[in-house]
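> Quick one, fold the following:
(chains A and B)
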2 protein chains.
Amino acid sequence: MKQNAATSAEKGRVTIGIDLGGTNLRIAAFDSAWKRLDSITVPTRVADGPTEVVRDMCDSIDRLRQQWGANYELFGVGIGAPGPLELPSGRFYRPPNLPGFDAFVLKDVVEANLRIPVIVEKDANAAALAEWKSGVGKQMPGNSMCMLTLGTGVGAGIILDRKIWHGMIGMGGEGGHIPVVEDGFPCGCGGRGCLEQYASATAIGRAATLAAARGGATAISRLMGRRIQEHGEFTARDLAGLARDGDDVSRQIFADAGKYLGMALAMLVNVFNLPLYVIGGGVVSGWDLFAPRMFEELRRLSYIYCLTEPEKDQPFTAGKTYVVPAATGPDAGLLGAAMLPYLEAGLL
Amino acid sequence: MKQNAATSAEKGRVTIGIDLGGTNLRIAAFDSAWKRLDSITVPTRVADGPTEVVRDMCDSIDRLRQQWGANYELFGVGIGAPGPLELPSGRFYRPPNLPGFDAFVLKDVVEANLRIPVIVEKDANAAALAEWKSGVGKQMPGNSMCMLTLGTGVGAGIILDRKIWHGMIGMGGEGGHIPVVEDGFPCGCGGRGCLEQYASATAIGRAATLAAARGGATAISRLMGRRIQEHGEFTARDLAGLARDGDDVSRQIFADAGKYLGMALAMLVNVFNLPLYVIGGGVVSGWDLFAPRMFEELRRLSYIYCLTEPEKDQPFTAGKTYVVPAATGPDAGLLGAAMLPYLEAGLL
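Have a look, this model is predicted:
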């Protein structure tokens, strides 16, 4: 035993949050004030299959436990994973970003490895939880909100009356699969015209490729060639740069994403009537480019008269409907995963 | 005092339900087994303004109280009114079917007249409540469901974990205003392309008129002329008759309504993941005509693998998603309104 190890009575609480992404697997330890003590990022070895990925996950958790166990008591482990998956079992159902994980039951396997209980959530739900407790939600009246995460795909997390809305078997909140275009682009879910195909970073990148392929989008074509040469890819962020420099085609692509986002939000506003809708994920860095068209469409299609952008330096007002960019940044999912054991224990 | 009046201890409970429609005002008394004891229907005098309509409502309630008060104790009064309206105050917000009622606060005025508390709900919520407690919902596992009512407009009532979902100020559940067609028909809500414009009885009737106006829809044109001559109108029910007789244009109109209904349902299924979605209202009499296309679209667009039509003589299975026609018929809203005082008292 280490000389300077704290006694149990003195120990603070640590929770471990895991963000299982299609590209990276991130594991972090947080103290009870949500300060991040440490984190580990490793590539998600999707091709090696779910068992290997769980092994990497558990190895990292063990490392963090060894490192922080002397001074902190482990309060719990929460995992955010890409959907669709059944809850609370964390059984994957053909997840498009984790090929080979279909029918794999995450919770059971991780618990068998770690010999402690873990809580599995959809990544978008974890992000919504973080935004509610540590982001924009902190300033808001009411205990219900919806967060749309615009990244590789489009996820949605819905919190109703202080609880994450799971639906019957955890398949609720699939906001990326709200149909917005009749007979539109085919989607990984098997449908067509889903929001994910029009407002994700992937969709925005594809729209740029399409514009370049059609010809006439000179600025896009030129930068795309250079970026792919240098970095191997052309991203939504590159396109945002062009749009801010005044390129009309690039601006239109963001405006179109905003329009479809506005349609999906109108549906959510008309059906849920929540006080707060938060837009997060990487695409939100283009807020200035897509939000004006998003609000235009949302105002036109939603039945709510008090829809408002946040007023500068104004407190939020009860009874109004707010649509705002996320405040938690790219680590929302990781933080939210770490919050899960607290939510489960009724301590959030 | 009447000779044969029951003593207070012997008295059964009566509740009064009111269905305030754009055309008719219906008031009915139900006993605690939901047997209808009596009902009154009067035209809704919309043109005379909300005060006159409330006077008619209260006169009828008084008549029922006098008639049944000797043998029954009045347990409560519930009113179902067309939306959008704020809840629990029942303050109308530009209701398209009750012109002149904007900003009128129904609950306060009725309570001031009757000197007893009343509960106001959106008519579609009242219908969902009746369907949950006395219709298809009775056979279902789970305590959550959604009901779409296809009538003059399209209403939605959503019950989550045994409670009617109101949203922040009662404006939740506006399922008729889910956008299904980009830049589609203008809607009374100020938007365009709302479900209500494609799957209500009004929308189906208008599609028939449009087909007749374009020419070539011989069967529709002929019957339309005759019905308008004889009855002053051509209805969705008339069109259903033609469709069942094999008229292709009529069949296509119902199939189109089914398609848009399927799109809206896909959204509700993907976002809510509920065990039960019920389709009610007058249009449901054309279930055989619109349901096949509705299920086709819903299966294509929804993320749920266990979507099922009710299997003949099979019990409902937990974990599956059911989309079924309503069982309560045209009086669902009236019965649901009468159930409101029981729901409020935690006795449902």
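> When you work out contacts or count neighbours from here on, use the C-alpha atoms and nothing else.
OK.
> Give me every residue in chain A lying close to chain B.
A:165-175, A:177-182, A:189-192, A:263, A:266-267, A:269-275, A:300-304, A:319 (CA under 8 Å from any CA of the partner chain).
> All the helices of chain A, residue numbers only.
Along chain A, the stretches classed as helices by DSSP state H are A:50-68, A:106-114, A:123-134, A:196-199, A:201-214, A:218-231, A:236-244, A:248-272, A:287-301, A:332-344.
> Name the residues of the third one that are buried.
It stands for helix A:123-134. Buried residues in helix A:123-134, counted by 16 or more other CA atoms under 10 Å in any protein chain shown: A:Asp123, A:Ala124, A:Asn125, A:Ala126, A:Ala127, A:Ala128, A:Leu129, A:Ala130, A:Glu131, A:Trp132, A:Ser134.
> From the contact counts, what lies against that helix?
Contacts defined by 3 or more CA pairs under 8 Å, 6 or more residues apart in numbering or on different chains; DSSP states H and E place helix A:123-134 against strand A:72-81, strand A:145-150, strand A:154-160, helix A:332-344.
> can you check the last one too?
Contact partners of helix A:332-344 among helices and strands, from 3+ CA pairs under 8 Å, 6+ apart: strand A:12-20, strand A:24-31, strand A:72-81, strand A:118-122, helix A:123-134.
> one more time with 6 Å
Here helix A:332-344 touches strand A:12-20, strand A:72-81, helix A:123-134, going by 3 or more CA pairs under 6 Å, 6 or more residues apart in numbering or on different chains; DSSP states H and E.
> could those go into JSON lines alongside mean pLDDT?
Output for the helices and strands packed on helix A:332-344, formatted as JSON lines (pLDDT from 0 to 100):
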{"stretch": "strand A:12-20", "mean pLDDT": "95"}
{"stretch": "strand A:72-81", "mean pLDDT": "95"}
{"stretch": "helix A:123-134", "mean pLDDT": "96"}
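> taking the mean pLDDT, what do you get for stretch A:281-295?
Model confidence over stretch A:281-295 averages 95 on the pLDDT scale.
> With stretch A:242-256 instead?
For stretch A:242-256, mean pLDDT is 97.
> Over to stretch A:211-221?
Stretch A:211-221 shows a mean pLDDT of 92 in the predicted model.
> Sort out which residues of that stretch are buried, please.
Taking 16+ other CA under 10 Å as the neighbour-count basis, stretch A:211-221 is seen to contain the buried residues A:Ala211, A:Ala212, A:Ala217, A:Ala219, A:Ile220, A:Ser221.
> Between the residues you listed, which sits nearest B:Ser32?
Compare each of the buried residues of stretch A:211-221 with B:Ser32 using CA to CA and the shortest gap goes to A:Ala211, at 65.6 Å.
> Contact partners for that closest one?
If you count contacts by CA atoms under 6 Å, 6 or more residues apart in numbering or on different chains, A:Ala211 has them with A:Ala217.
> and what of A:Ile40?
Under the criterion of CA under 6 Å, 6+ apart, the contact partners of A:Ile40 comprise A:Arg26, A:Ile27.
> starting at the chain centroid, how far to stretch A:165-180?
The offset between the C-alpha centroid of stretch A:165-180 and the centroid of the whole chain comes to 14 Å, using CA atoms, centre = their mean, to the nearest Å.
> Name the residues of it that are buried.
Within stretch A:165-180, the residues scored as buried using 16+ other CA under 10 Å are A:165-180.
> mean confidence for it?
Regarding stretch A:165-180, the rounded mean pLDDT is 90.
> again with stretch A:39-51
Confidence over stretch A:39-51, taken as the mean pLDDT, stands at 96.
> Per the annotation, how does chain A divide into domains?
Each structural domain of chain A that the record assigns through automatic domain parsing is listed here as a residue range: A:12-123+A:332-344, A:136-326.
> and A:Gln249, how many residues sit next to it?
In this structure residue A:249 is Val, not Gln. A total of 21 residues lie near A:Val249 under the criterion other CA atoms under 10 Å in any protein chain shown.
> let me redo that: A:Leu74
The local packing of A:Leu74 (other CA under 10 Å) involves 18 other residues.
> Then A:Lys11?
Using other CA under 10 Å, A:Lys11 is surrounded by 15 other residues.
> Skipping its backbone neighbours, what lies nearest it in space?
Computed as CA to CA, 6 or more residues apart in numbering or on different chains, the closest residue to A:Lys11 that is not its neighbour in sequence is A:Tyr72, at 4.8 Å.
> Show me the beta-bridge partners of the one you found.
Beta-bridge pairing of A:Tyr72 under DSSP bridges involves A:Gly12.
> show me the contacts for it.
For A:Tyr72, the contacting residues are A:Lys11, A:Gly12, A:Arg13, A:Val14, by CA under 6 Å, 6+ apart.
> So among these, which ones count as buried?
Buried residues within the contacts of A:Tyr72, defined by neighbour count using 16+ other CA under 10 Å: A:Arg13, A:Val14.
> okay, the contacts of A:Tyr72 in CSV with distance to B:Ala207 next?
Shown next, in CSV, are the contacts of A:Tyr72 (distance: CA to CA, whole Å):
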residue, distance to B:Ala207
A:Lys11, 70
A:Gly12, 67
A:Arg13, 64
A:Val14, 62
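> So, low pLDDT: which residues of the stretch 51-200 of chain A?
Residues of the stretch 51-200 of chain A meeting the criterion pLDDT under 70: none.
> mind redoing it with 80?
With pLDDT under 80 as the threshold, the stretch 51-200 of chain A has low-confidence stretches at A:140-142.
> give the contact list for the closest residue in space to A:Asp31 that isn't next to it in sequence.
The shortest distance from A:Asp31 to any non-neighbouring residue, by CA to CA, 6+ apart, is to A:Val14 (4.6 Å). In this structure, A:Val14 makes contact with A:Phe30, A:Asp31, A:Tyr72, A:Glu73, A:Leu74, A:Phe75, judged by CA under 6 Å, 6+ apart.
> and B:Arg65, which of the helices of chain A is closest to it?
Set against B:Arg65 and scored by CA to CA, the helices of chain A come closest in helix A:248-272, at 36.7 Å.
> For that closest one, which residues meet the burial criterion?
Neighbour-count burial for helix A:248-272 [16+ other CA under 10 Å]: A:249-272.
> how much does that helix deviate in direction from strand A:154-160?
Here helix A:248-272 runs at an angle of 30 degrees relative to strand A:154-160 (axes from the mean of the first three to the mean of the last three CA atoms, to 10 degrees).
> Cool, thanks, signing off.
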